[in-house]
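Engineer: here is my input; please provide its structure:
(one chain, ligands or ions: 4)
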Amino acid sequence: MTTTLADWLAAQTVDPKLASVVATMAAASAEIAAVLRLAPIEGHTGLAGHTNVQGEAQKALDVISNDIVLNHIRENVEISILVSEELDEAVHLENQGDFMVATDPLDGSSNLDVNVTVGTIFSVLDARKGLLQQGKDQLAAGYAAYGPATSLVLTFGASVVVFTLDGAGQFVLTLDTVAVAEASGEYAINTARERFWDAATKGYVAENVAGETGSAGKRYNMRWVGSMVADIHRILMRGGIFMYPLDSETTGKGGRLRLLYEANPMAMIVEAAGGKSTTGREGILELVPTGIHQRVPVILGSAEEVARVEGWYAKG
Ligand code: AHG
Ligand code: MN
Ligand code: MN
Ligand code: MN
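Structural biologist: Ligands and ions are numbered 1, 2, ... in the order given. As a prediction, the model looks like this:
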């Protein structure tokens, strides 16, 4: 007996208006999935010809995905504010709803032209509390991973579930409890940045590279997809740690990844699944944002591994 997303949302003890916001982002994700599948045929590849507020050359699909999200959000009277990686300022919609969505409409877009998994990340907050809320005040978080299957991962804070897009464009429940393994022998970091790393990151990674011959006492494997959604979905499914730490090149910008629509939603999901999330020195969900596109260091995943990284940072 399949459980559709609508069935599952109806059975949750959450505000139906909040559930409708999640349903809106799921519908947007299903439409983005359909566009991505045919993009090379439709010619939606390459650059859009603009630079976004991040200083990134926008891909055509970044803009198309952002437009799809905006179209769906405008249809839900419960949503009054949209913050997006691809929009310089927050959009205040005509709707007077109580909810705000912060989204990365297409995460990992450098992987689009090589057909590697990308995703859509979203965070739901109370629009009446302002734009710059701590991640611990998120009401819901989720992401779609456009991979061999299209997965939709959701949490309202207590647990994490996974839906899969079926042939009819419906999300059906395929995993009703996700738990991040406490221990793991797999880490994800862009090792080409080693020369920029701080001592804590260098120390932690060196222990992993030494494997069973060193203080970590076990063998490690390394995976780096370059799509946060893909790397974190792997960690949710089989454990591991994701690291985009502050390094000497990103220090001036606060980090590489964005707090409102990458770090916070992913931290909420990972922690609801029993994992941990930190900047290295403080919990991500505790950070008080200074701007809607603020960047922060992101270290999250299996609790034992995150604790070992925090131990390295505590050494000073
Ligand atoms: P986006 O495509 O939304 O701009 O995000 C890309 C991010 C994230 O998905 C990924 O983990 C990271 O960029 C990869 O950074 P590097 O290319 O420096 O490895
Ligand atoms: Mn981008
Ligand atoms: Mn991203
Ligand atoms: Mn993006």
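
Engineer: so residue 23 makes contact with residue 7?
Structural biologist: No: taking contacts as Cβ atoms under 8 Å, residue 23 lies outside contact range of residue 7: 11.5 Å. To be clear about C-beta, it is placed using only N, CA and C from the backbone, and glycine gets the same treatment.

Engineer: in terms of neighbours, single out the busier of those two.
Structural biologist: Taking other Cβ atoms under 10 Å, residue 23 and residue 7 do not tie; residue 23 has more neighbours (17 against 12).

Engineer: quick one: that one is in a helix?
Structural biologist: Yes: when DSSP: H, G, I helix; E, B strand; the rest coil is applied, residue 23 is found to be in a helix.

Engineer: just the closest residue of the stretch 101-250 of the chain to ligand 3, please.
Structural biologist: In the stretch 101-250 of the chain, the residue that lies nearest ligand 3 is residue 107 (3.4 Å; Cβ to the ion).

Engineer: who are the contact partners of that residue?
Structural biologist: Contacts for residue 107 (Cβ atoms under 8 Å, 6 or more residues apart in numbering) come out as 118, 119, 120, 121, 143, 227, 228, 229, 262.

Engineer: wait, is residue 143 part of a strand?
Structural biologist: Yes: the assignment for residue 143 (three-state DSSP) places it in a strand.

Engineer: what number of residues lie near the closest residue to it other than its chain neighbours?
Structural biologist: Nearest non-adjacent residue to residue 143, counting by Cβ to Cβ, 6 or more residues apart in numbering: residue 121, 4.5 Å away. Neighbours of residue 121 under the rule other Cβ under 10 Å: 31.

Engineer: again, but for residue 60
Structural biologist: 18.

Engineer: can you tell me how far it sits from ligand 4?
Structural biologist: Counting by Cβ to the ion, to the nearest Å, the gap from residue 60 to ligand 4 is 13 Å.

Engineer: correct me, but that residue touches residue 44?
Structural biologist: Yes: counting by Cβ under 8 Å, residue 44 is a contact partner of residue 60 at 5.1 Å.

Engineer: follow-up on the earlier one: ramachandran angles for the residue of the stretch 101-250 of the chain closest to ligand 3?
Structural biologist: Phi and psi for residue 107, reported as degrees, to the nearest 10, are phi -100, psi 140.

Engineer: please name the bridge partners of it.
Structural biologist: residue 119 (DSSP bridges).

Engineer: how far away is it from residue 244?
Structural biologist: Distance, residue 107 to residue 244, using Cβ to Cβ, to the nearest Å: 12 Å.

Engineer: what do these two both touch?
Structural biologist: Common contact partners of residue 107 and residue 244 (Cβ under 8 Å, 6+ apart): residue 228.

Engineer: returning to that earlier point: out of the contacts of residue 107, who has the most neighbours?
Structural biologist: Scoring the contacts of residue 107 on neighbours with other Cβ under 10 Å, the highest-scoring entry is residue 121 at 31 neighbours.

Engineer: okay, the contacts of residue 107 in TSV with distance to ligand 3 and pLDDT next?
Structural biologist: Shown next, in TSV, are those (distance: Cβ to the ion, whole Å; pLDDT from 0 to 100):
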residue	distance to ligand 3	pLDDT
118	9	98
119	8	98
120	9	99
121	7	99
143	10	99
227	8	98
228	5	98
229	8	98
262	5	98
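
Engineer: now, among these, which is nearest to residue 3?
Structural biologist: Set against residue 3, the nearest of these by Cβ to Cβ is residue 143 (19.5 Å).

Engineer: so residue 299 makes contact with residue 245?
Structural biologist: Yes: using Cβ under 8 Å, residue 299 is in contact with residue 245, at 6.1 Å.
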